[in-house]
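> structure, please.
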Amino acid sequence: MRILLVSQMYPSAGAPAFGSFVATLERALEERGHELARAVVERPGAKGRHGRLALDVLRTGRAFRPDVVYAHFLVPAGLLAALGGRAPLVVTAHGQDVENARRSRWVRAATRTTVRRAASVVAVSEWLRRRLVEAVPDAGPKSSVIDCGVDLERFTMRDAAAARAEVGWSPKGTAFLCVGSLTERKNVLRLARAVEQRGEGELVFVGDGPLRPALEGRPRVRLAGTVAPELVPAWMAAADVVCQPSLVEPFGLSTLEGLASGRPVVATSVGGPPEFVPEGGGVLVDPEDDDALVAALAAAAALPRPNTIGRAAAEGHDVRLQAERVEELLLRASRDPQA
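Model (predicted):
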């Protein structure tokens, strides 16, 4: 099958983490024997990026002549794929695109156009699917839930001591890790305060963002900054507990990667994580309850390591299994655009 991949996020040498989940799923589809071409944005925030993406969709589509188009994000990437291509369309919603549709009638109208053109609409969690259908009821009959998956060959139950030597981390006490952007939505200040209040252990943030100055110099907090994607599995393995207590998390890829690494997790109860974090593998927490977050850190630290319960749960989200599910939708669309 010839698949045109359209995405407003795709990793590059200059921004290797930008949409890395799209590239991971793409590789899994290629492993299944499909030929893919791309029309993607590789530079976050680049001026005129959406206009260039629209031209790329047209040019690549005409040259490649795909059997089906697979777009990530409803608007603008999905909309541009819907308007600029003739091949059947399957589109995945990831989170912010749905929130934009809920907040803006203009984006909602554009999202409705994408949905009506698509043969299938995928959401990365049931929580997100319900929110999409509330905003755009037309999505209901076409919608299904398939997350982006985790690469179980990269995220494994490695020895913590060896991983700590690799990343240069010698924590004093319990090693807490948070991977993601340093933003208000990721709830990083509340997490830092919770570790401070706990009075034991060390918290490392892997990632960067606007709240970095507010985290610098805080006790029990270390800022590793942005790291190469190939080092993220080692950071996960070096941790005792992986934390993602975001205010909202439409899916929660870092949480899933922590489970795959055999590490207990502290995850937000708002969004997708309740759908895959098992009892005994992690602790779900109200992200706005300070005391509950402190208690969740203690409860997760008391869980077994390596955590085989979490690893077993992650195995059901192997990216290769998810690619097989996406493949079924793409094949169905290519054979019957109205399916």
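
> ok, Val277 - contacts?
Applying CB atoms under 8 Å, 6 or more residues apart in numbering to Val277 gives the contacts 255, 259, 265, 267, 284, 310, 313. C-beta: built from backbone N, CA, C; applies to glycine.

> for the nearest residue to His34 once chain neighbours are set aside, what are its contacts?
Nearest non-adjacent residue to His34, counting by CB to CB, 6 or more residues apart in numbering: Met1, 4.8 Å away. Contact analysis of Met1 by CB under 8 Å, 6+ apart lists 34-35, 67-68, 327, 330-331, 334.

> and these, which of them are in helices?
327, 330-331, 334 (DSSP state H).

> sorry, back to before: can I get the contacts of Val277 in CSV with neighbour count, distance to Val248 and secondary structure?
Listed next are the contacts of Val277 as CSV, based on neighbours: other CB atoms under 10 Å; distance: CB to CB, whole Å; DSSP: H, G, I helix; E, B strand; the rest coil:
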residue, neighbour count, distance to Val248, secondary structure
Thr255, 31, 13, helix
Leu259, 32, 19, helix
Val265, 31, 16, strand
Ala267, 31, 12, strand
Leu284, 19, 13, strand
Gly310, 30, 22, helix
Ala313, 20, 21, helix
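
> out of the residues you listed, who's nearest Pro233?
Nearest to Pro233 among those: Leu259, at 12.8 Å, using CB to CB.

> once you drop chain neighbours, what's closest to that closest one?
That would be Gly310: by CB to CB, 6+ apart, it lies 3.7 Å from Leu259.

> test my guess that the one you found contacts Val283.
No. When contacts are counted by CB atoms under 8 Å, Gly310 is not listed as touching Val283 (11.1 Å).

> residues in contact with both of the two, list them for me.
Joint contacts of Gly310 and Val283 (CB under 8 Å, 6+ apart) are 264-265.

> just to revisit the earlier point, how close does the residue nearest to His34 sit to Glu31?
To Glu31, Met1 is 13 Å away according to CB to CB, to the nearest Å.

> gap between the residue nearest to Leu259 and Ser120?
Distance of Gly310 to Ser120, given as CB to CB: 30 Å.

> picking up where we left off before, please tabulate the contacts of Met1 in JSON lines, including the columns pLDDT and distance to Gly48.
Compiled in JSON lines, these are given as follows (pLDDT from 0 to 100; distance: CB to CB, whole Å):
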{"residue": "His34", "pLDDT": "97", "distance to Gly48": "31"}
{"residue": "Glu35", "pLDDT": "98", "distance to Gly48": "29"}
{"residue": "Asp67", "pLDDT": "96", "distance to Gly48": "30"}
{"residue": "Val68", "pLDDT": "97", "distance to Gly48": "28"}
{"residue": "Glu327", "pLDDT": "98", "distance to Gly48": "33"}
{"residue": "Leu330", "pLDDT": "98", "distance to Gly48": "30"}
{"residue": "Leu331", "pLDDT": "97", "distance to Gly48": "35"}
{"residue": "Ser334", "pLDDT": "94", "distance to Gly48": "32"}
